[in-house]
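got a sequence here, can you build the structure:
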Amino acid sequence: MRTGIVVAAHPGVAELAVRAEELGFSSFWVYDTPMVHGDPFVALSSCARVTSRIKLGIGVTSPALRSAPAAASGFASLNALAPGRIVCGVGTGNTARRTLGMPPTTTAELEAFTAALQGLCAGHPVEYREGGRVRDVRFLHSGQTVNTADPIEFVVAALGSKAAAIAGRRDAGLVSFGLLDPAGWRALHAARGDTPRAGSYLMTALHVLDDGADPYGDSARDAVGHVVLSLLAFAADTPSAAGGLGAEERDAVRRLLGRRGTTATAPDRYTKLYPGYLEPIATADRDLITPSLMDTLTLVGTPADLRSRIAALADAGVGEIVIQPVVDPTAEMAVIAGLINGAPLLGQDPADRFENVVEF
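Residues are numbered from 1 along each chain as shown. Presented below is the predicted three-dimensional model:
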């Protein structure tokens, strides 16, 4: 199983990319949520200049954020800095749109956007439409501004069959956030169909337990709580989603709304729910991180437990697990690399764990 790292774009992200490459990770990603995180193209351009092997991905952009020509220019420009190492994740813009108080785009818009990006990034002309005006557009750059010769990898964000089917039609891979059910992955692959060149990426959080440690203790909640809280924020913003949760989770949603001083129907609720999105959780919010959602959305366990779960996901077709470390990313990356490589992990402090990492 390959492993990667995902972080929110911020100053200093290049140093993390360098360390991820040194530790043998396959990919390094940044999110694309403009209202809560930094610009992903700026972040990855800095990473491209200081790395030489690791893939660099954006997870994920959307037709609601940028036009296809603008997005293609950004990805092809990154490809000029890191030839053949760029991964373009595309989706309906679920979170990015909701942080604007807007709904996601349609799957039809997503498919058209993906096709246009693929065409432009390969150096082909594509159809571009604004209202009733339609034109064929292509890159007109001269020199080495963009790179359309080396391939860019495309992956479609999917939790259900419609988006997975788009990935199949576009010969693209899949990326999914918090989907740890092997049966769910088999369903996505069935909907995508036979696309043997396409990869499958799972984004989540991971925490390695020492012997006897509480799987739902403060350390575990701090390490993976950002993923749980992202689901609770979505449910608080989307009452229909909250209705599908269990009683404990619905109570956590209710308390989150109260704690943020808003309601599920307030027009400006998104301005209260999404600050700090996918960032370290506040100590005061630890009680919102329910054990059931930790089990469902994240990987917490002993090394043996985690390797077993990862093996089951690999059997279901997941090619790479992409993990977001938030408490101490540098130390956490070393622990994760040690887990995947079978290096000793227990009874060490994070600084000592660096010395036991075996390169991939």
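
which residues of the stretch 201-350 of the chain fall in helices?
Using DSSP state H, counting those that start in this stretch, the helices found in the stretch 201-350 of the chain span residues 218-237, 239-242, 247-259, 270-273, 291-297, 303-315, 329-341, 350-353.

return the set of buried residues in the longest one.
Spelled out, it's helix 218-237. Residues of helix 218-237 classed as buried: 219-237 (neighbour count, 16 or more other Cβ atoms under 10 Å). For every residue, glycine as well, the C-beta is placed using N, CA and C.

same question, the fourth one
Using 16+ other Cβ under 10 Å as the test for burial, helix 270-273 gives 270, 272-273.

before we move on, what about stretch 201-213?
Burial within stretch 201-213, assessed by neighbour count using 16+ other Cβ under 10 Å, is assigned to 201-209, 213.

looking at those, which is nearest Phe139?
Nearest to Phe139 among the buried residues of stretch 201-213 is Tyr201, at 27.3 Å by Cβ to Cβ.

now that closest one: how far from Gly319?
7 Å (Cβ to Cβ, to the nearest Å).

what of Ala213?
Counting by Cβ to Cβ, the gap from Ala213 to Gly319 is 30 Å.

what does Pro11 give?
31 Å.

which of those two has more residues huddled nearby?
Set Pro11 next to Gly319 and count neighbours by other Cβ atoms under 10 Å: Gly319 wins out with 16 against 10.

and the closest residue to Arg255 other than its chain neighbours, what is it in contact with?
Nearest non-adjacent residue to Arg255, counting by Cβ to Cβ, 6 or more residues apart in numbering: Leu288, 6.3 Å away. Going by Cβ atoms under 8 Å, 6 or more residues apart in numbering, Leu288 touches 225, 228-229, 232, 252, 255-256, 259.

adding distance to Gly57, write these out as CSV.
CSV is the format used below for these (distance: Cβ to Cβ, whole Å):
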residue, distance to Gly57
Gly225, 24
Val228, 23
Leu229, 23
Leu232, 26
Ala252, 31
Arg255, 34
Leu256, 30
Arg259, 33
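
which element is Ala17 on?
Per DSSP states H and E: Ala17 is located in helix 13-22.

tell me which residues are up against whichever helix or strand comes after that helix.
Per DSSP H and E, the first helix or strand lying C-terminal to helix 13-22 is strand 27-31. With Cβ under 8 Å, 6+ apart as the test, strand 27-31 has contacts from 2, 4-9, 13, 16-17, 20-21, 37-38, 40, 43-44, 47, 51, 54-59, 87, 89, 201, 203, 278, 320, 322.

still on that earlier bit, redo the buried residues of stretch 201-213 as TSV? Include distance to Ala165 and pLDDT.
Listed next are the buried residues of stretch 201-213 as TSV, based on distance: Cβ to Cβ, whole Å; pLDDT from 0 to 100:
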residue	distance to Ala165	pLDDT
Tyr201	18	97
Leu202	19	98
Met203	20	98
Thr204	23	98
Ala205	28	98
Leu206	29	98
His207	34	97
Val208	36	96
Leu209	38	95
Ala213	42	96
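
which of those fall in strands?
The strands, defined by DSSP state E, take in 201-204, 206-208 from the buried residues of stretch 201-213.

reformat the residues you listed as TSV; add distance to Ala149.
Conversion of those to TSV gives the following (distance: Cβ to Cβ, whole Å):
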residue	distance to Ala149
Tyr201	24
Leu202	30
Met203	29
Thr204	34
Leu206	36
His207	41
Val208	41
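
how about those, which pair is most distant?
Tyr201 and Val208 (20.8 Å).

export the helix holding Ala17 as CSV, just CAs?
What follows is helix 13-22, C-alpha atoms only, in CSV (Å, rounded to 0.1, in the frame of the first residue of the first chain):
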residue,chain,number,x,y,z
VAL,A,13,4.3,23.7,3.4
ALA,A,14,7.4,23.2,1.3
GLU,A,15,9.4,22.0,4.3
LEU,A,16,6.8,19.3,5.0
ALA,A,17,6.9,18.2,1.3
VAL,A,18,10.7,17.8,1.6
ARG,A,19,10.4,15.7,4.7
ALA,A,20,7.6,13.6,3.2
GLU,A,21,9.8,12.9,0.2
GLU,A,22,12.7,12.0,2.5
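
that helix packs against which elements?
The contact analysis (3 or more Cβ pairs under 8 Å, 6 or more residues apart in numbering; DSSP states H and E) places helix 13-22 against strand 2-7, strand 27-31, helix 40-50, helix 329-341.

most tightly surrounded among these?
strand 27-31 (a mean of 27; mean count of other Cβ atoms under 10 Å).

tell me which strands it pairs with, and in which orientation.
Using DSSP bridges, strand 27-31 pairs in its sheet with strand 2-7 (parallel), strand 55-61 (parallel).
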